[in-house]
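Trainee: generate coordinates for the sequence data below:
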Amino acid sequence: MRIETLVTIFVHGTALAMLLAAGWVGLALFLP
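Mentor: Okay, the predicted model is just below:
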């Protein structure tokens, strides 16, 4: 596995985690 592949997976995983966290925060704010 090449370094570029690992970096791409890491970046996409981080972006997905941030999106998921933002979704949970949004739910917590809209459903108090």
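Trainee: residues near residue 19, how many?
Mentor: Neighbour count of residue 19, defined by other C-beta atoms under 10 Å: 9. Placement of C-beta: from N, CA and C, glycine included.
Trainee: check which helix or strand it maps to.
Mentor: Counting by DSSP states H and E, the element that carries residue 19 is helix 3-30.
Trainee: now do that helix, average pLDDT.
Mentor: The average pLDDT within helix 3-30 is 95.
Trainee: can you give me the buried ones in it?
Mentor: Buried residues in helix 3-30, counting neighbours by 16 or more other C-beta atoms under 10 Å, are absent.
Trainee: who are the packing partners of that helix?
Mentor: With contacts taken as 3 or more C-beta pairs under 8 Å, 6 or more residues apart in numbering; DSSP states H and E, helix 3-30 sits against no other helix or strand.
Trainee: centre of the chain versus it, how much separation?
Mentor: 0 Å (C-alpha atoms, centre = their mean, to the nearest Å).
Trainee: swap in stretch 2-15?
Mentor: 12 Å.
Trainee: got the contact list for it?
Mentor: Stretch 2-15 is contacted by no other residue when judged by C-beta atoms under 8 Å, 6 or more residues apart in numbering.
Trainee: just the CA trace of it, in PDB.
Mentor: Extracted as PDB, the C-alpha positions of stretch 2-15 are listed here (Å, rounded to 0.1, in the frame of the first residue of the first chain):
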ATOM      1  CA  ARG A   2       1.400   3.400  -1.000                       C
ATOM      2  CA  ILE A   3       1.700   6.500   1.200                       C
ATOM      3  CA  GLU A   4      -0.700   8.400  -1.000                       C
ATOM      4  CA  THR A   5      -3.400   5.700  -0.500                       C
ATOM      5  CA  LEU A   6      -3.000   5.900   3.300                       C
ATOM      6  CA  VAL A   7      -3.200   9.700   3.300                       C
ATOM      7  CA  THR A   8      -6.300   9.700   1.100                       C
ATOM      8  CA  ILE A   9      -8.000   7.100   3.400                       C
ATOM      9  CA  PHE A  10      -7.000   9.100   6.500                       C
ATOM     10  CA  VAL A  11      -8.300  12.400   5.100                       C
ATOM     11  CA  HIS A  12     -11.600  10.900   4.000                       C
ATOM     12  CA  GLY A  13     -12.000   9.200   7.300                       C
ATOM     13  CA  THR A  14     -11.300  12.400   9.200                       C
ATOM     14  CA  ALA A  15     -13.800  14.400   7.000                       C
END
